[in-house]
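# Take this sequence and fold it.
(chains A and B)
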Amino acid sequence: MSTAAADTHLVEPAESPVTPESWGKLGMWNFLAGDAMSFGGLLAGYGALRYGDPNWPVPSTILGITLTAAMTFLLVCSSVTMVEALAGFKGGNQKKLRTFLALTILGGLIFLSLQAYEWTHLIEHGESIRKNNFGATFFILTGFHGMHVFSGVVYLSVILTRALLGKYEDPHNNEIEIAALYWHFVDLVWILVFTFVYLV
Amino acid sequence: MTTATHSPEELAREERRYFQIFGLLAVLTAVEVGVIYMPIPHFVIVTSLVLLAVIKASLVALYYMHLASEKTLLTWIALTPMILCVFLLLMLTPDLGAVTRMVTHALAGAPAAH
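Modelled structure (predicted):
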């Protein structure tokens, strides 16, 4: 054990050339780039299927645009509460950090509830993942995104628990900034999904 | 966001910026929803929507994810999947006979047959 511990101390971690604050941040960016490829692949597949089918329905005739516009607005709001949480942390204001983290999680939960409501409504009206390519691409894309929101809620809940335990007193800790990157990415992807799946 | 310590003025300026971006995103979302109901040609609607979405996504990446104040190399890492996706789309196009249909469509001046 002692030699292993000594070894880790002997190897001085080199500074990340891209993100000097931490390797973790570079790791998150690399993960997000890969994740963007997954979404890109799904969106490209959706585009190809839709373009190849002249009988593709107009999305706004089936999907509720008002509800999803509100969901988009909600997710953008949760991005703002996330940057506010980060600002609270940077300013050494723990209360602000915790309050805004909780609000961000709440935003994610409301988004998921609205999505559950939307899915239930659509399924009750005969839409399904097996009915046609419209249903398949719709449920896969929004489901894959919803899974990301759910993961984000879990991720931020862990961060909030750590904040409540007083783990973020050190201003050099950048766990919150890294978690924020993930959350903003989920918002960014929704902006694209909303446009391509609901509006176009 | 390369420094861990922030002066209150710096933080206040950052927060003001966050709210400006928020306002912009809210307005652009409203414009997007408005555009789909406008009596203009479909391709104009689609082009505007794609453009608006790209602007909104870039705003989030640049200001909320702080790409604007990071090293350029990080922006290239973030852009790599977008570039690959464009290639992916180009590779998918011939498989669907999309080009052929576009030509037929243009020649016939009417929606292409199934």
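# all helices for chain A, in order.
Ranges of helices in chain A, per DSSP state H, are A:2-10, A:23-51, A:59-62, A:65-90, A:94-124, A:133-164, A:175-193.
# Show me which of those helices has the highest average neighbour count.
Highest mean neighbour count of the helices of chain A: helix A:175-193, a mean of 23 (counted as mean count of other C-beta atoms under 10 Å in any protein chain shown). Backbone N, C-alpha and C define where each C-beta goes, glycine included.
# That one - contacts with which helices or strands?
helix A:23-51, helix A:65-90, helix A:133-164, helix B:42-59 (3 or more C-beta pairs under 8 Å, 6 or more residues apart in numbering or on different chains; DSSP states H and E).
# thinking in terms of the whole chain, how far from its middle is the first one?
Going back to what we said before, that points to helix A:23-51. 12 Å (C-alpha atoms, centre = their mean, to the nearest Å).
# That one near chain B anywhere?
Yes: judged by C-beta under 8 Å from any C-beta of the partner chain, helix A:23-51 comes into contact with chain B through A:26, A:29-30, A:32-34, A:36-37, A:40-41, A:43-45, A:47-48, A:51.
# So which of these is the closest to A:Val154?
Of all the residues of helix A:23-51 next to chain B, A:Val154 sits closest to A:Leu32, with 17.0 Å by C-beta to C-beta.
# Pop the domain breakdown of chain B in here.
For chain B, the structural domains run B:1-70, B:71-114, going by automatic domain parsing.
# Could you say which of those is packed most deeply?
Ranked by mean neighbours (mean count of other C-beta under 10 Å), the domains of chain B are led by domain B:1-70, with a mean of 15.
# So for that domain, mean pLDDT?
In this model, domain B:1-70 has an average pLDDT of 87.
# Please name the residues that touch B:Tyr64.
B:Tyr64 is in contact with A:79, A:82-83, A:180, A:184, A:187, B:18, B:21, counting by C-beta atoms under 8 Å, 6 or more residues apart in numbering or on different chains.
# for B:Ala108, same thing?
No contacts exist for B:Ala108 under C-beta under 8 Å, 6+ apart.
# gap between it and chain A?
13 Å (C-beta to the nearest C-beta, to the nearest Å).
# Tell me the confidence at that residue?
Reading off the model, B:Ala108 has pLDDT 71.
# Centroid-nearest residue for chain B?
B:Val54 (1.1 Å; C-alpha atoms, centre = their mean).
# Surely A:Leu26 is in contact with A:Ser16?
Yes: counting by C-beta atoms under 8 Å, A:Ser16 is a contact partner of A:Leu26 at 4.9 Å.
# Nearest residue to A:Ala163 in space, please, no chain neighbours.
Nearest non-adjacent residue to A:Ala163, counting by C-beta to C-beta, 6 or more residues apart in numbering or on different chains: A:Arg98, 5.2 Å away.
# I'm done for today, thanks for sticking with me.
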